[in-house]
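1. sequence plus the predicted model coming up.
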Amino acid sequence: MTHSLLLGLLATVGFVGGGVLAAIALVWRGQERLVFQPPRPVAPPPFDRRVRRVTYEAADRQKLAAYVVGTPSAEDPLVIAFHGNADLAEWMVPWALELHARTGAAVVVPEYRGYGMLSGRPTYATGQADALAMLAFLHGLLGGPPRRLVLFGHSLGSAIAAELAWSAPPAAIALQSPFTSARAMASRLFFPTYLPIWSRLSRVHYDTPRRVAALDCPVHVAHGMRDRVVPVAMGQAVFAAARQPGRLLLVSDAGHNDVPDVAADRYWQWLVHAVLSDDGRRAQT
């Protein structure tokens, strides 16, 4: 090999290696920005008197807020609903009103820091802290844990709900369009998660199958079969991993965000069952 060819080869290796290092650095610095993508903040619309906006603080003094539909009671079912990535708590209020009308359960939709009009930067760690703050706020309001707590999560919110369930075991958990893990979603972005460096690089540790496999409560899953954001196979994998599988609703014509609209009454029957029933029988639609 001539001297010029050797220099060219070394330059190529250096260029490629530099590009890989730059990509790794970019993922390291921006990984949470890939996971948390708040919409542009907007002033919340006015709601009727059935909806209250409450404020509270996380352990690090971060100001937080949530929307409450109905009157939380220690004796009645209480639903905490975590929204998805490019979503806002206030946009889930109509959904919460419908669920309250069908079940009588109080529904609380917490917002994440950095979303809506809240300050702060959302991360994996702060997502956990904000969920625990919501739970502590409710325990303070009720004078203790509710008799029947149901956790709901859509997309990103499904991972947050599954994480919270480890700290506060619910009576049931309902996951809409859940992904399996942060690692699996990173693979969909063509990041080589099989490399040993992944375990050192990742700060986002969502692993919903592992979480639900340890829960002693029914795990209900709904997923659109045309979901191009989170493949339906991920929802099926989460359901299959559950120690106590509840009901699985697969909606043939639905994508990632329109499962309630497309499934219509089938969706609400699935969710009402999750909220009100202790029956853990497996059923597929």
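-> In hand now; what should we look at?
2. helix, strand, or coil at His223?
-> Three-state assignment for His223 (DSSP: H, G, I helix; E, B strand; the rest coil): strand.
3. so it sits right up against Thr180, yeah?
-> No: here His223 does not reach Thr180: they are 11.6 Å apart, not a contact under Cβ atoms under 8 Å. (Glycine included, C-beta is placed from N, CA and C.)
4. could you check which of the two is surrounded by more residues?
-> Remark: of His223 and Thr180, His223 carries more neighbours, 26 against 22, as counted by other Cβ atoms under 10 Å.
5. pLDDT at the more buried one, what is it?
-> Note on His223: pLDDT of 98.
6. what sits closest to it if chain neighbours are left out?
-> The shortest distance from His223 to any residue other than its chain neighbours is 3.2 Å, reached at Gly235 (Cβ to Cβ, 6 or more residues apart in numbering).
7. can I assume that neighbour sits in a strand?
-> No: counting by three-state DSSP, Gly235 is located in no strand; its state is helix.
8. distance check, it against Pro218.
-> Gly235 is 16 Å from Pro218, where distance means Cβ to Cβ, to the nearest Å.
9. same deal with Ala174?
-> Ala174 is 9 Å from Pro218, by Cβ to Cβ.
10. just His83 next, same as before
-> 22 Å.
11. neighbour count: Gly235 and Pro218, which is higher?
-> Gly235 (28 against 25).
12. list the contacts for Glu57?
-> Taking Cβ atoms under 8 Å, 6 or more residues apart in numbering as the criterion, Glu57 is in contact with Lys63, Leu64, Ala133.
13. quick one on the thing from earlier: the residue nearest to His223 against Pro178, yeah?
-> Yes: between Gly235 and Pro178 there is a contact at 5.5 Å, judged by Cβ under 8 Å.
14. shared neighbours of these two, anything?
-> Contacts common to Gly235 and Pro178, judged by Cβ under 8 Å, 6+ apart, are Val221, His223.
15. ok, the nearest residue to Gly224 once chain neighbours are set aside - how many residues close by?
-> Nearest residue to Gly224 in three dimensions, chain neighbours excluded: Ala254, at 3.1 Å (Cβ to Cβ, 6+ apart). By other Cβ under 10 Å, 23 other residues sit near Ala254.
16. could you do Arg147 as well?
-> 13.
17. same deal with Gln236?
-> Gln236: 18 surrounding residues under other Cβ under 10 Å.
18. thought it was touching Ala222?
-> No: the pair Gln236 / Ala222 is not scored as a contact, 11.3 Å apart, by Cβ under 8 Å.
19. which residues are common contacts for those two?
-> In contact with both Gln236 and Ala222: Leu248, Leu250, using Cβ under 8 Å, 6+ apart.
20. helix, strand, or coil at Leu250?
-> Following three-state DSSP, the label given to Leu250 is strand.
21. next, count neighbours for it.
-> 18.
22. which pLDDT value goes with it?
-> pLDDT, read off for Leu250, is 98.
23. surely it meets Val232?
-> Yes: judged on Cβ under 8 Å, Leu250 makes contact with Val232 at a distance of 6.6 Å.
24. state the mean pLDDT of the strand or helix carrying Tyr56.
-> In this structure, Tyr56 sits in strand 51-57 according to DSSP states H and E. For strand 51-57, mean pLDDT rounds to 97.
25. next secondary structure element downstream of it?
-> Once the chain leaves strand 51-57, the following helix or strand, as judged by DSSP H and E, is strand 63-69.
26. just to revisit the earlier point, common neighbours of His223 and Thr180, please.
-> By Cβ under 8 Å, 6+ apart, the residues touching both His223 and Thr180 are Met234.
27. quick one: residues in contact with stretch 156-169.
-> 35-36, 80-85, 127-128, 131-132, 135, 145, 149, 151-153, 173, 175-179, 182, 206, 208, 211-212, 214-217, 238.
28. mind giving me the PyMOL command for buried ones among these?
-> This is how PyMOL selects the buried members of those, with burial counted by 16 or more other Cβ atoms under 10 Å:
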select buried, resi 35+36+80+81+82+83+84+85+127+128+131+132+135+149+151+152+153+173+175+176+177+178+179+182+206+208+211+212+215+217+238
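29. narrow the contacts of stretch 156-169 to those in strands?
-> Using DSSP state E, the subset of those located in strands is Ile80, Ala81, Phe82, Leu149, Leu151, Phe152, Gly153, Ile173, Leu175, Gln176.
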